[in-house]
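**Q** compute the structure for the input listed below.
(one chain, ligands or ions: 1)
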Amino acid sequence: MTPPTTVLLTGAAGGVAGFLRASLPGYGYRLRLTDLKPVEGAESLVCDLGDADAVRAAVRGVDAVVHLGGIALEDTFDAVLEANIRGTYHLYEAVRLEGVRRVVFASTNHAVGYVPLTGGAPIGSDVPPRPDTYYGLSKAFGENLASLYADKYGVETVSLRIGSCYAEPRTVRMLATWLSPADCARLVHAALTAPDVGHTIVNAISANTRAWWDLGSARALGYAPQDDAEVYAEALLAAHGPLDPADPDARWIGGSFTQADLHGPERRRHP
Ligand code: NAI
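**A** Purely as a prediction, here's the structure:
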């Protein structure tokens, strides 16, 4: 595909977008930014994903969308429904109506959070959804919506099942799940430029020595990760100790999110 030049970042005030705002211009992209919150930038719009007309206006004239906006932790079903389910529907309707051909969708490990880590063999991006929270469920919906719009309308999407995208890994679990900011940019660039992706789901992590995720489908897009969380292993293990095999972080892809209650004040607690 012709490389997109103008790319809309939803969720532009968020953490991952902060990394991409710094890195994607270096790949030649011009960015348009939207979020619920005001964001500084040459082309920046306040836009609630719940407002279909505003989302359509935000999408108008861009070549591609990197859809990061929404609730990024567990919340009430109604909150997740509005921001992540209805909001992502509005985004896909907007790209269809405005003729945008490519979306990169920020999915999550929590779409497959109840997949057990017991097998030993690397886990591919072809495992079906097994969400651990309403949040994970909403991302599974987003992946399926992307599939529908690819088949029905030819809107292509790469869904990134992101592990943990932070400046540095913060926990022992993140020695497996870390996606470095620089690798995040490499992966998003590959996802924006690879030809004929239809709807492709990829695992989104760095080249981590302790990874339990397979990166085959991401590498097939041209992603060549350069970072490895292992350089942080000694310090993290000294601070936290090794994972107990009974710890949810050692048992399931979604780690402690598998322990979050779906209802009541406990829902945001990820022990
Ligand atoms: P974040 O919470 O820092 O950023 C999300 C942004 O979306 C926020 O700026 C928020 O204001 C905006 N937003 C929320 N509801 C909105 C609405 N109704 N309309 C418009 N904007 C709205 O999250 P982060 O960490 O930057 O994650 C970005 C995306 O990547 C999210 O979709 C998240 O689910 C996904 N992800 C991130 C991971 C990570 O390690 N940071 C791991 C897995 C997935």
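**Q** return the backbone torsion pair for whatever residue of the stretch 151-271 of the chain ends up closest to the ligand.
**A** Residue of the stretch 151-271 of the chain nearest the ligand, by CB to the nearest ligand atom: residue 162 (3.5 Å). Quick note: C-beta positions are derived from backbone N, CA and C, even for glycine. Dihedral pair for residue 162: phi -70, psi 140, per degrees, to the nearest 10.
**Q** distance of it relative to residue 118?
**A** According to CB to CB, to the nearest Å, residue 162 stands 23 Å off from residue 118.
**Q** got the buried residues for the one helix or strand residue 238 maps to?
**A** Here residue 238, judged by DSSP states H and E, is contained in helix 233-240. Residues 233, 236 are the ones in helix 233-240 that count as buried (16 or more other CB atoms under 10 Å).
**Q** same question for stretch 192-205.
**A** So for stretch 192-205, counting by 16+ other CB under 10 Å, buried means 192-194, 197, 199-205.
**Q** how about stretch 235-254?
**A** 236, 243, 248-254.
**Q** quick one: mean pLDDT for that stretch?
**A** Mean per-residue pLDDT for stretch 235-254: 96.
**Q** ok, the spatially most distant residue from the centre of the chain - contacts?
**A** Computed with CA atoms, centre = their mean, the maximum C-alpha offset from the centroid of the chain is found at residue 238, amounting to 29.5 Å. Residues in contact with residue 238 (CB atoms under 8 Å, 6 or more residues apart in numbering): none are found.
**Q** distance of it relative to residue 227?
**A** 21 Å.
**Q** and what of residue 127?
**A** As judged by CB to CB, residue 127 and residue 227 stand 24 Å apart.
**Q** average pLDDT across the host helix or strand of residue 16?
**A** Residue 16 belongs to helix 15-23 when assigned by DSSP H and E. For helix 15-23, mean pLDDT rounds to 98.
**Q** briefly note if that helix comes near the ligand.
**A** Yes. Residues of helix 15-23 are located near the ligand by CB under 6 Å from any ligand atom, namely 15-17.
**Q** which of the buried residues of stretch 235-254 fall within helices?
**A** 236, 248-251 (DSSP state H).
**Q** would you turn those into JSON lines with distance to the ligand?
**A** Converted to JSON lines, these look like this (distance: CB to the nearest ligand atom, whole Å):
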{"residue": "236", "distance to the ligand": "16"}
{"residue": "248", "distance to the ligand": "16"}
{"residue": "249", "distance to the ligand": "14"}
{"residue": "250", "distance to the ligand": "19"}
{"residue": "251", "distance to the ligand": "19"}
